[in-house]
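model the structure of this input:
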Amino acid sequence: MTTRKVVDQVLNPWTRTTRSAPYAVPEDLPHLQALADTQVRASDAPYRLNLTLPPEPFTGLHDAPLVILLANPGVSDADPAAYARPGVTERTLQHIADAGGAPNHFLTHADKDHPGLRWWSRTLNGLTRQGYSHDELARQILAVQFHGYHSRSWRPIPYTLPSQSFAFHLVRRAMSRDALIV
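Take a look at the predicted model:
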């Protein structure tokens, strides 16, 4: 008798991210447009999703022992110029499409002026002061965003985007392997 092991597998929708702005998973686009149509007041400006930047729904290897849960990637004034540099957007899109994830490219790439490196360096400063290198941390930490689209500030969106199922899957997998989740 042959037994089959059923694996909890969810396909990574970020492999289908559009390759030019607006950057999004195609299934998310109608929901993102509907959200944008409701954000018409000036007070909504910090919460508008910036689809001119490539999404960053997760950063790191999918089986990393430490998982950090975050809301969504932010936006700084330096981001448009940083992502306009040759190879930066392409590297980000490749990172989210890699099966199994990839080491945190902000920590392993030589782009010392990228706002992502500055954010991660500041966030992980306590660990680097204890002697952990960026290269080591890049392989040990998986950061999972609640959703992968950039905005200046976060507030919940009124529905679950189709792409969010993959983030939920990554967290369930982390729980099943007893990863440390922060």
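
this protein: strands as residue ranges?
Defined through DSSP state E, the strands belonging to the chain, from first to last, are 58-61, 66-70, 101-102, 141-145, 180-181.

could you dump the ones you listed to TSV with mean neighbour count, distance to residue 113 and mean pLDDT?
Every residue, glycine included, has its C-beta placed from N, CA and C. Listed next are the strands of the chain as TSV, based on neighbours: other CB atoms under 10 Å; distance: least, CB to CB, whole Å; pLDDT from 0 to 100:
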stretch	mean neighbour count	distance to residue 113	mean pLDDT
strand 58-61	24	18	97
strand 66-70	18	22	98
strand 101-102	19	21	95
strand 141-145	23	20	98
strand 180-181	12	31	98
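
turn those strands into JSON lines, columns for distance to residue 121.
Output for the strands of the chain, formatted as JSON lines (distance: least, CB to CB, whole Å):
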{"stretch": "strand 58-61", "distance to residue 121": "14"}
{"stretch": "strand 66-70", "distance to residue 121": "15"}
{"stretch": "strand 101-102", "distance to residue 121": "19"}
{"stretch": "strand 141-145", "distance to residue 121": "13"}
{"stretch": "strand 180-181", "distance to residue 121": "21"}
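
residue 82: which of the ones you listed is closest?
Nearest to residue 82 among the strands of the chain is strand 58-61 (15.0 Å), distances taken as CB to CB.

what is the helix or strand of the chain with the lowest mean pLDDT packed up against?
Among the helical and strand segments of the chain, the one scoring lowest on mean pLDDT, DSSP states H and E is helix 105-108, with a mean of 91. The contact analysis (3 or more CB pairs under 8 Å, 6 or more residues apart in numbering; DSSP states H and E) places helix 105-108 against helix 88-97, helix 115-123, helix 134-140.
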